[in-house]
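A.B. asks: sequence unknown, structure follows:
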């Protein structure tokens, strides 16, 4: 009987791993099925298609497409003089206006004398010492952008100029 019990004990461990592997396979198959259904549900929810095609436009389509940048140079270049350190100093800067609306850029071109006047006043009031640094030049460019945007807001009702760019800046 001891042999039968020993034989039964030897057979029993062989049956349990086979049963465990079957249950492990079933668990894995169930887990994969659950993950696939969850992924399908997430895709359906995130794609925004809920089955009814009543002409609803997705959020990306409702946003206006960003127009390409348009550049309008203000020719001739600006020349401003400074008295710095007992000497006469000069700054020459070429300015380009950047916007995206063709009609608004044409309207800005009509106001170029007003824009040029505003920029001359801004450039002549700048501190020459600060203009010697990259930070000072960037600050002046940002101030020029704000000044032109403010001017266009007054004249046209919207700040049509996205940025004022310096394409050439010479200090002497």
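C.D. replies: Perfect, I can see it now. Quick caveat: nothing in here was measured; it's all calculated off a predicted structure.
A.B. asks: now tell me which helix or strand of this structure has the poorest mean pLDDT.
C.D. replies: Counting by mean pLDDT, DSSP states H and E, the chain has its least confident helix or strand at helix 59-62, which shows a mean of 52.
A.B. asks: next up, phi/psi of the nearest residue to residue 139 once chain neighbours are set aside, please.
C.D. replies: In this structure, residue 139 finds its nearest non-sequential neighbour in residue 130, 7.2 Å apart by CB to CB, 6 or more residues apart in numbering. Where you see a C-beta, it was placed from the backbone N, CA and C, and this is true even at glycine. Dihedral pair for residue 130: phi -70, psi -30, per degrees, to the nearest 10.
A.B. asks: for residue 130, report the pLDDT, please.
C.D. replies: Looking at residue 130, its pLDDT reads 91.
A.B. asks: that one and residue 138, how far apart?
C.D. replies: 11 Å (CB to CB, to the nearest Å).
A.B. asks: swap in residue 169?
C.D. replies: As judged by CB to CB, residue 169 and residue 138 stand 11 Å apart.
A.B. asks: the two: who's more crowded?
C.D. replies: A direct count of neighbours by other CB atoms under 10 Å for residue 169 and residue 138 places residue 169 higher, at 16 against 11.
A.B. asks: do you know how far that one is from residue 68?
C.D. replies: Distance from residue 169 to residue 68, by CB to CB: 26 Å.
A.B. asks: do residue 26 as well
C.D. replies: 58 Å.
A.B. asks: which one's more surrounded, those two?
C.D. replies: A direct count of neighbours by other CB under 10 Å for residue 26 and residue 68 places residue 26 higher, at 10 against 7.
A.B. asks: helices and strands around the longest strand along the chain, which ones?
C.D. replies: Longest strand in the chain by number of residues, with DSSP state E as the criterion: strand 70-84. If you count contacts as 3 or more CB pairs under 8 Å, 6 or more residues apart in numbering; DSSP states H and E, strand 70-84 packs onto strand 87-99, helix 102-110, helix 112-124, helix 128-131, strand 161-171.
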